[in-house]
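S.K.: mind looking at a prediction? Sequence and model below.
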Amino acid sequence: TQPFSTGDTMFYVSDILGAERTGDVASLFEFGHLLWRPAGLWFHFFTSRALPMLEPEAAVFTALLVPVVLGAALAAVLFFRIAWLLSGSYMVSGVTTVFFVCANGFLNYSQTGCPYVAALGFLTASVWIVLRAAARGDVRLRDVIASGACLASSVLLWLPFTTVAPGLAMLTLLYGVDWDWKGASFRRRLLRTTQLTGIVCALTGLAYGGAFRLRGYTNMVDLSRWVAASSHGWQQTLSLARLVFGFPRSYLDLGTDGVMFKRYMLHDPYAGVKLTELLAGTAVKLGLFYGVLGYLVWQLARTSSGRRLGLICAIPVTGMFLFATVLFEPGSVERYLPLHPFLVMVVASALGQARKGPQAALAVLMVLFSCSQAWARSIWSNGPRDNRTIARIAPVRPRLRGATSVWVISSADPLNAFASARPFHLYNRPTRLPVSAVVMAGLSSAEFWERDFASKSLNSWERGGEVWISNRLLAARPERSWGWTE
């Protein structure tokens, strides 16, 4: 399979190479991914020596890929262990594991240099440690220490993992124990939950405090700037609508369904979408996804143990949804990766207690979803699309050197995605295609696109380069296939 996007991988690569060149390691501590770049620098120390034939960018990319692959493998193994612990069925455990490993966000980012899957590996380990101890009947101090250290590690790789921390706390407090507020067992669990919270807060606080001082910051103004810089300019609207599509997109490849829905909502004058078109495709996929999810929740609600587990898992889901809609943008597929361990528990427990007929039907449906997702990310599916993109840029590729820049209409243009998703393709070497989008939808800078386009184009000319623009920018009206929405 291949990723459809490598996210910010090449920015991490550039930052690590820059810090290695200048010795400014403190600049690598970014608020949202505190330890990811420093970890990449540390792994690069070994990969550059173990694989001296690699060019610098490839060596750093490999260094970032090592913890990602390890995290993906750890998460996959523990998905199975968690599912088996809750269902007691190898069939349910296998199907659940395959579904979550083939999920859109997991499958994509396990092949990139982004920290999301590595952080997920730590979080899944944290959940597994507590769940296994609780199922055994006694959560000991050493379990709490190990689980807290894993959770803190996931937060230090990607800060939004804090949104599911209350879920782990509730798992520690409530799973496998009688809800007798005055009982000795409950008071012991309350103590362990308090210890877990203290360990996580202490480890993350020490790490952030040390990074704050290393960067030379001294006051709240510095802190606010540090925090603001981690948003990367994202500023989107229609958050609830994006949540409706963003959540299932983390698990399924919805293609252009999100664009169609946006065109319908905005009454796009150039590529209008009728309600019947939505009902024929988009609504069916969303209905199937949310219908299966609703059935699983209903199945949990039939038993007292299921209701208890559902309540525990509802806490991190609620926290993540609030974070995505209020504080950040809910459309990205990586946004919901922190929910994976909790949803594995929901799916495995519900399937495990379902009757054989519905259980078999859901298992088959999940396998079909997984196969469809794997095909959508396969080289056979992506190959023809990449070839069409290469054919567009091939005539001018020999002239794209130095300060030359290439402009496409938006980030939805396949040429823009190709430059990001295939950084080591022949057409992206020895230097990456200098492709930029004139309008970066979703960023606060989008309203200043004319100024930014003019400034960067002038800069290219002043440095002796050329400026190439896509013919699509000169079209009288956009075609439906271009992904443009007004």
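M.R.: That came through fine.
S.K.: where does pLDDT dip in this protein?
M.R.: Within the chain, the segments meeting pLDDT under 70 span 179-181, 231-239, 241, 257-258, 279, 281, 442-445.
S.K.: pick out the residue closest to the middle of it.
M.R.: Central residue of the chain (C-alpha atoms, centre = their mean): residue 334, 1.7 Å from the mean position.
S.K.: quick one, phi psi at residue 101?
M.R.: phi -70, psi -30 (degrees, to the nearest 10).
S.K.: for the residue nearest to it when sequence neighbours are not counted, helix, strand, or coil?
M.R.: Leaving aside its sequence neighbours, residue 101 sits nearest to residue 76 (C-beta to C-beta, 6 or more residues apart in numbering; 5.1 Å). Where C-beta positions appear, they are placed from N, C-alpha and C, glycine not excepted. Under DSSP: H, G, I helix; E, B strand; the rest coil, residue 76 falls in the helix class.
S.K.: what number of residues lie near residue 76?
M.R.: 17 (other C-beta atoms under 10 Å).
S.K.: that one and residue 448: what is the separation?
M.R.: Using C-beta to C-beta, to the nearest Å, residue 76 is found at 43 Å from residue 448.
S.K.: same check, this time on residue 219
M.R.: 30 Å.
S.K.: check residue 8 too.
M.R.: To residue 448, residue 8 is 22 Å away according to C-beta to C-beta.
S.K.: what do you get for residue 94?
M.R.: 51 Å.
S.K.: comparing the two, which residue is more hemmed in?
M.R.: More crowded of residue 94 and residue 448, by other C-beta under 10 Å: residue 94, with 15 against 11.
S.K.: could you find the closest non-adjacent residue to that one?
M.R.: Nearest to residue 94 is residue 80, by C-beta to C-beta, 6+ apart, at 7.0 Å.
S.K.: who's in contact with that neighbour?
M.R.: Residues in contact with residue 80, defined by C-beta atoms under 8 Å, 6 or more residues apart in numbering, are 93-94, 96-97.
S.K.: Serialize the residues you listed to TSV and add fields for distance to residue 128.
M.R.: Listed next are the contacts of residue 80 as TSV, based on distance: C-beta to C-beta, whole Å:
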residue	distance to residue 128
93	13
94	17
96	14
97	13
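S.K.: can you turn the buried part of those residues into a PyMOL selection?
M.R.: Those of the contacts of residue 80 that count as buried under 16 or more other C-beta atoms under 10 Å are selected in PyMOL with:
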select buried, resi 93+96+97
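S.K.: pick out the most distant pair among the contacts of residue 80.
M.R.: 94 and 96 (7.3 Å; C-beta to C-beta).
S.K.: need phi/psi at the residue nearest to residue 467 when sequence neighbours are not counted.
M.R.: Nearest non-adjacent residue to residue 467, counting by C-beta to C-beta, 6+ apart: residue 457, 4.7 Å away. Main-chain dihedrals, residue 457, degrees, to the nearest 10: phi -70, psi -40.
S.K.: what is the neighbour count of residue 457?
M.R.: 17.
S.K.: does it touch residue 468 like I think?
M.R.: No: using C-beta atoms under 8 Å, residue 457 makes no contact with residue 468, being 10.1 Å away.
S.K.: show me whatever sits in contact with both of those two.
M.R.: Contacts common to residue 457 and residue 468, judged by C-beta under 8 Å, 6+ apart, are 405, 407.
S.K.: distance check, the nearest residue to residue 338 once chain neighbours are set aside against residue 248.
M.R.: Nearest non-adjacent residue to residue 338, counting by C-beta to C-beta, 6+ apart: residue 164, 4.6 Å away. Taking C-beta to C-beta as the measure, residue 164 falls 19 Å from residue 248.
S.K.: what does residue 80 give?
M.R.: Residue 80 is 23 Å from residue 248, by C-beta to C-beta.
S.K.: pretty sure residue 437 is in a strand, no?
M.R.: Yes: membership of residue 437 in a strand is supported by three-state DSSP.
S.K.: confirm the residue nearest to residue 338 sits in a helix?
M.R.: Yes: judged by three-state DSSP, residue 164 forms part of a helix.
S.K.: thought it was touching residue 123?
M.R.: Yes: Residue 164 sits in contact with residue 123 when judged by C-beta under 8 Å, with a separation of 7.0 Å.
S.K.: overlap in contacts, these two.
M.R.: residue 338.
S.K.: help me confirm that the residue nearest to residue 101 comes into contact with residue 103.
M.R.: No: contact status for residue 76 versus residue 103: not in contact, 11.2 Å apart, counting by C-beta under 8 Å.
S.K.: give me every residue that touches residue 379.
M.R.: Contacts of residue 379 (C-beta under 8 Å, 6+ apart): 1-2.
S.K.: 10 Å instead?
M.R.: 1-2, 386 (C-beta atoms under 10 Å, 6 or more residues apart in numbering).
S.K.: ditto for residue 100
M.R.: 75-76, 79-80, 83, 106-107, 120, 124, 251, 337, 340-341, 343-344, 347, 366, 370.
S.K.: burial measure for residue 333, as a count.
M.R.: When neighbours are counted by other C-beta under 10 Å, residue 333 comes out with 26.
S.K.: again, but for residue 325
M.R.: So residue 325, with other C-beta under 10 Å, has 15 neighbours.
S.K.: residue 269 now?
M.R.: 9.
S.K.: next one: residue 364
M.R.: Neighbours of residue 364 (other C-beta under 10 Å): 11.
S.K.: check contacts around it.
M.R.: Contacts of residue 364 by C-beta under 10 Å, 6+ apart are residue 95.
S.K.: which SSE is it in?
M.R.: helix 356-376 (DSSP states H and E).
S.K.: now that helix: buried residues?
M.R.: Those would be 359, 362-363, 366, 369-370, 373-374, 376, for helix 356-376 by 16+ other C-beta under 10 Å.
S.K.: what do you get for stretch 65-81?
M.R.: 65-68, 71-72, 74-76, 78-81.
S.K.: I'd like the residues you listed as JSON lines, with distance to residue 42 appended.
M.R.: Listed next are the buried residues of stretch 65-81 as JSON lines, based on distance: C-beta to C-beta, whole Å:
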{"residue": "65", "distance to residue 42": "14"}
{"residue": "66", "distance to residue 42": "10"}
{"residue": "67", "distance to residue 42": "10"}
{"residue": "68", "distance to residue 42": "14"}
{"residue": "71", "distance to residue 42": "15"}
{"residue": "72", "distance to residue 42": "19"}
{"residue": "74", "distance to residue 42": "19"}
{"residue": "75", "distance to residue 42": "21"}
{"residue": "76", "distance to residue 42": "24"}
{"residue": "78", "distance to residue 42": "24"}
{"residue": "79", "distance to residue 42": "27"}
{"residue": "80", "distance to residue 42": "30"}
{"residue": "81", "distance to residue 42": "29"}
